[in-house]
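S.K.: any chance you could fold what I've pasted below:
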Amino acid sequence: MLYVVATPIGNLKDITLRALETLKEVDFILCEDTRTSGNLLRNYEIKKELISFNARMEEKKIDAVITRLKLGYTCALISDAGTPAISDPGIRLVNAAQKNGIDVVGIPGANAAILALSIAGLPTDSFVFEGFLPQKKGRQKQLKILVEEERTIILYESMYRIEKLINELNEYMPNRIIAIGRELTKKFEELWRGKPNEILETLNEHTLKGEFVVIIAPKNWI
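M.R.: You can find the predicted model right below:
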């Protein structure tokens, strides 16, 4: 059995009772960073075999994990924050488990994209999740495609490229309303909303740390 378990995106209290029960019962846990996940497990006094399973190691370790699952072991897949396999490692493992007839069970919980969407005040009846835009090749092409998008757009961005992204949105979509969530559920959580040029002014007044979720209003939405 493979459990795909959502973990907190910041506040450690944002974990479900079912997730805690699952982490206590499985034979081993796969995670991105053993230090980050170790903090979560120690907070809830959970002692389990913890195996690093990040993007660089995923392909190399899949066969070994599948072998253990076929032998009857149970495993929880978690990410550093939020729901595994959503712009995070894990989808290859889930695919391999499905192909090998291994039961895959999802344990729902925190997700930064849905949280940001729920508080942005922008249309939620139809939306598209684009995750991280390409860093170089294909980035401008993707932005041009998104200009014509008639659904609300959800993007992820790092602190290293958030200013670049907002400058690009100011170029391609200057009249769109956007909302940016930073450090969601954490002590210094912030949500900024406005047109790209207004957001740029806000960014200049802040230290750009943490992970960002960017919500972009649909084309022609007022």
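S.K.: any chance you could map the helices in the chain?
M.R.: In the chain, helices defined by DSSP state H lie at 17-25, 34-43, 58-70, 91-99, 112-120, 139-147, 162-172, 196-203, listed in chain order.
S.K.: gap between the helix or strand of the chain with the lowest mean pLDDT and the chain center?
M.R.: One helix or strand of the chain scores below all others by mean pLDDT, DSSP states H and E: helix 196-203, with a mean of 90. Relative to its chain's centre, helix 196-203 lies at 24 Å (Cα atoms, centre = their mean, to the nearest Å).
S.K.: so which elements touch it?
M.R.: helix 162-172, strand 178-182, strand 190-194 (3 or more Cβ pairs under 8 Å, 6 or more residues apart in numbering; DSSP states H and E). (C-beta placed from N, C-alpha, C; glycine too.)
S.K.: ok, residues contacting that helix?
M.R.: 162-163, 166-167, 169-170, 173-174, 176, 178, 180, 192-194 (Cβ atoms under 8 Å, 6 or more residues apart in numbering).
S.K.: what do you get if the cut-off is 6 Å, keeping everything else the same?
M.R.: 163, 166, 169-170, 192 (Cβ atoms under 6 Å, 6 or more residues apart in numbering).
S.K.: tell me which two of those residues sit farthest apart.
M.R.: Asn170 and Trp192 (13.8 Å; Cβ to Cβ).
S.K.: circling back to that earlier point, can you mark which positions in the least confident helix or strand of the chain are buried?
M.R.: 196, 199, 203 (16 or more other Cβ atoms under 10 Å).
S.K.: between those, which is closest to Arg68?
M.R.: Using Cβ to Cβ, the buried residues of helix 196-203 come closest to Arg68 at Leu203, 45.9 Å.
S.K.: what's the separation between the closest one and Gln140?
M.R.: For Leu203, the distance to Gln140 equals 21 Å [Cβ to Cβ, to the nearest Å].
S.K.: next one: His206
M.R.: In terms of Cβ to Cβ, His206 sits 26 Å off from Gln140.
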